[in-house]
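Engineer: sharing a sequence plus its predicted fold:
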Amino acid sequence: MFAPWRRIVSYPGASMSDHFHAWLDNLVSRIIGFLVRFFVLITAGLTLIIIFLFSIAELVIWPCVPVVAVAAIVKAILP
């Protein structure tokens, strides 16, 4: 979850400033990686919940389709 985004990693140079910049770059890359993965997981979870709810509704409605079809035919024939 905290892996760097797209494995973008900075390697420190010789100076202390280069070490700090590499550390900061790696930290930002890890934060972006976390946020992207987090929102992808949340979106996937919500999608699964929505699909589950539609599936339950389909299971409830599907057995009623023949009854509704017959009732529509009877209503059309009998005024």
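Structural biologist: That came through, no problem.

Engineer: mind checking the SS state of residue 73?
Structural biologist: Secondary structure, DSSP: H, G, I helix; E, B strand; the rest coil: residue 73 is helix.

Engineer: for residue 66, see how far away it is.
Structural biologist: Residue 73 sits 11 Å away from residue 66, taking C-beta to C-beta, to the nearest Å as the criterion. C-beta coordinates here come from the backbone N, C-alpha and C atoms, glycine included.

Engineer: residue 39 now?
Structural biologist: Taken as C-beta to C-beta, the span from residue 39 to residue 66 is 43 Å.

Engineer: what of residue 31?
Structural biologist: For residue 31, the distance to residue 66 - C-beta to C-beta - is 55 Å.

Engineer: which one's more surrounded, these two?
Structural biologist: residue 31 (13 against 9; other C-beta atoms under 10 Å).

Engineer: tell me the pLDDT at that one?
Structural biologist: Per-residue pLDDT puts residue 31 at 90.

Engineer: can you say which helix or strand has it in it?
Structural biologist: Using DSSP states H and E, residue 31 sits in helix 16-61.

Engineer: return the distance of that helix from the chain's centre.
Structural biologist: 7 Å (C-alpha atoms, centre = their mean, to the nearest Å).

Engineer: same thing with stretch 61-79?
Structural biologist: On C-alpha atoms, centre = their mean, the centre of stretch 61-79 falls 39 Å from the chain's centre.
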